[in-house]
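Trainee: Sequence and predicted structure below; questions after.
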Amino acid sequence: MSLVPFALESRDLIRRILDETKTERRCDLSWHRLEAAEGVVSQYSAEDGGLNVRRLRTYTVVAVKAWGARFGGGGVPQATSPKGFVGLILPQDFKASKRLSLYREILEAEAAGDVAPTNGVALFDGRPPIRWGSVGARVTWDEALEFVGRVLTKNKDIAERLTGTVCESPDPECVAKAIEDSRFRPFSASLLLRLAYEGRLDEVTHEAREDGLKNSWILALESLERLMVVKRTIERIWAQGSTPVFVVKTSRSTSFCNSTLPDIHIIEDILRSRGDIEPGFTARLFTNVNEYFGLKKTGGPRLYPAVNGVSDFYQSKVAVLSTFVRLRRGGFIFKVEALYRKDLVESADEVKLAGSLLSRLATLPLSGEGYPLALMIADSNARISESEMDGVLRALGADLVPESRSVLRV
């Protein structure tokens, strides 16, 4: 059966939606010319991550990789930091997709911290991973992390092999210390793997269900680790006089223009109608994450866990500069977001702040479309190919029978 007749049925509707910016200029676009930088960036870094999932007949194997590098002015890597993890989805019946993203972000942050540049920019692929995470609808951070503390307390031998910290009581601060001191990343995935290896994971998950936690303790542990590792990396980059800069290749955000279509679609259409192909940008500065995520500034449940300074850091010390920018004449428009210390930019002019950062970003080696070449290098080094995944499975000696579609003979 061909879908072409159905496409023809929807054609006029889809075209009208995509062309709505031509009749509804609802976006108040303040597009500023990007001036040449006064100086070049002498040192910068880039990181990216990849993951691959192989769903076999009776279980799922996951592989996660991250790669970071610090570059000098000539665009040659001065230092690299590869990171990786291979394991199982545990428990096997627990949803995987968002958890795998957490694992990748943890490894990416570790790699980026290892190669943090001095007085430059630290490039990341994607949006800033600063959202609080999830512990379940009816479970608080404290309840979930206290249960994790009980797990670490009852399984001190496993905890000691993973981290130098041994918890004597189910204290969430001790959980944070164990994460901080862990010799393995992700600590959360490594803990689950070892609990299962020792035959103890079933007992732990049974206790969690009896306490009404189900898998919330796992979500809390994984989210806390990501928040802590990202926090440490951002602080390290700031301490070295550099700025964390996140480049989003494909953005579907609608908060800038408040339209049904992505902001970038509307911005490109407006600039096209003006015949404007010059480098330029638009910017907004959010001095707290509640505003950045479109939340009320007061009220509501605590978003971040109040351990290890995590809540104070994200809610009181981080400001987000959010921009759309064209770095090269006739190039693509990308969403670029930077993280600043709130106390240093609270009274800053957002246009001047963005212009200074983006003009320096434009001095880096760029592709013809204006995308940083360093991020393209990081992407190629972090990607996990199918042939590499085949090698992983051979190294594991795993059952290579794929997730069953054999009954359909496909």
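Mentor: Now that the structure is in, tell me what you want to look at.
Trainee: Can you name the residues that contact residue 317?
Mentor: Contact analysis of residue 317 by C-beta atoms under 8 Å, 6 or more residues apart in numbering lists 341-343. Bear in mind the C-beta positions are built from the backbone N, C-alpha and C, glycine included.
Trainee: Report all helices and strands that the helix or strand containing residue 374 contacts.
Mentor: Following DSSP states H and E, one finds residue 374 within helix 373-382. Counting contacts by 3 or more C-beta pairs under 8 Å, 6 or more residues apart in numbering; DSSP states H and E, helix 373-382 packs against strand 44-55, strand 60-71, strand 121-125.
Trainee: where in the stretch 1-150 of the chain is pLDDT low?
Mentor: In the predicted model of the stretch 1-150 of the chain, residues 20-28 satisfy pLDDT under 70.
Trainee: Equivalent analysis for the stretch 251-400 of the chain, please.
Mentor: Checking the stretch 251-400 of the chain against pLDDT under 70 turns up 297-301, 398-400.
Trainee: ranges for the strands of it?
Mentor: In the stretch 251-400 of the chain, the strands defined using DSSP state E, counting those that start in this stretch lie at 280-286, 318-326, 334-341.
Trainee: Direction included, what does the first one pair against?
Mentor: Just to be clear, that refers to strand 280-286. Strand partners for strand 280-286, identified by DSSP bridges, are recorded as strand 32-33 (antiparallel), strand 318-326 (antiparallel).
Trainee: Those into CSV, with extra columns for mean neighbour count?
Mentor: Listed next are those as CSV, based on neighbours: other C-beta atoms under 10 Å:
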stretch, mean neighbour count
strand 32-33, 14
strand 318-326, 24
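Trainee: Could you export these as CSV, including distance to residue 50?
Mentor: Conversion of the strands paired with strand 280-286 to CSV gives the following (distance: least, C-beta to C-beta, whole Å):
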stretch, distance to residue 50
strand 32-33, 35
strand 318-326, 25
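Trainee: Which one of the ones you listed lies nearest to residue 40?
Mentor: When the strands paired with strand 280-286 are compared by C-beta to C-beta, strand 318-326 sits nearest residue 40, at 17.5 Å.
Trainee: could you check the angle strand 334-341 makes with that closest one?
Mentor: 160 degrees (axes from the mean of the first three to the mean of the last three C-alpha atoms, to 10 degrees).
Trainee: CA atoms only: put strand 318-326 into CSV for me.
Mentor: C-alpha atoms of strand 318-326 as CSV (Å, rounded to 0.1, in the frame of the first residue of the first chain):
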residue,chain,number,x,y,z
VAL,A,318,23.3,29.3,37.6
ALA,A,319,22.1,31.7,34.9
VAL,A,320,21.4,30.7,31.4
LEU,A,321,22.0,32.8,28.3
SER,A,322,19.8,31.4,25.5
THR,A,323,20.4,32.5,21.9
PHE,A,324,19.7,31.7,18.3
VAL,A,325,22.7,32.6,16.2
ARG,A,326,24.1,32.5,12.6
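Trainee: Name the residues of the lengthiest helix in the chain that are buried.
Mentor: In the chain, assigned by DSSP state H, the helix with the most residues is helix 216-239. Within helix 216-239, the residues scored as buried using 16 or more other C-beta atoms under 10 Å are 216-238.
Trainee: re earlier: which residues outside the helix holding residue 374 are in contact with it?
Mentor: Contacts for helix 373-382 (C-beta under 8 Å, 6+ apart): 44-50, 65-69, 71, 75, 77, 82, 123, 125, 247, 364-367.
Trainee: ok, now stretch 246-266?
Mentor: Stretch 246-266 is contacted from outside by 17-18, 20-21, 24, 26-27, 123-128, 267, 282, 284, 294, 324, 333-339, 371-372, 375, using C-beta under 8 Å, 6+ apart.
Trainee: List the buried residues for that stretch?
Mentor: 246-248, 251, 256-257, 259, 261-266.
Trainee: before we move on, back to that, tell me the mean pLDDT over the longest helix of the chain?
Mentor: Averaging pLDDT along helix 216-239 gives 97.
Trainee: Could you check the angle that helix makes with strand 318-326?
Mentor: Going by the same axes, to 10 degrees, helix 216-239 makes 70 degrees with strand 318-326.
Trainee: Can you measure across stretch 293-306, start residue to end residue?
Mentor: Stretch 293-306 has an end-to-end distance of 19 Å (C-alpha to C-alpha, to the nearest Å).
Trainee: quick one on the thing from earlier: gap between the longest helix of the chain and the chain center?
Mentor: Relative to its chain's centre, helix 216-239 lies at 11 Å (C-alpha atoms, centre = their mean, to the nearest Å).
Trainee: for stretch 100-117, same thing?
Mentor: For stretch 100-117, the distance to the chain centre is 9 Å (C-alpha atoms, centre = their mean).
Trainee: same deal with stretch 306-324?
Mentor: Stretch 306-324 sits 15 Å away from the centroid of its parent chain (C-alpha atoms, centre = their mean).
Trainee: on that earlier part again, make a PyMOL selection of whichever of the contacts of residue 317 turn out to be buried.
Mentor: Filtering the contacts of residue 317 down to the buried ones (16+ other C-beta under 10 Å) takes a single PyMOL command:
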select buried, resi 342
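Trainee: which residues does residue 326 contact?
Mentor: Residue 326 sits next to 34, 271, 277-281, 332-334, 370 when contact means C-beta under 8 Å, 6+ apart.
Trainee: Now flag whichever of those residues is closest to residue 160.
Mentor: Using C-beta to C-beta, residue 334 comes nearest to residue 160 of the contacts of residue 326, at 45.6 Å.
Trainee: from memory that closest one sits against residue 371, does it?
Mentor: Yes. Counting by C-beta atoms under 8 Å, residue 371 is a contact partner of residue 334 at 6.8 Å.
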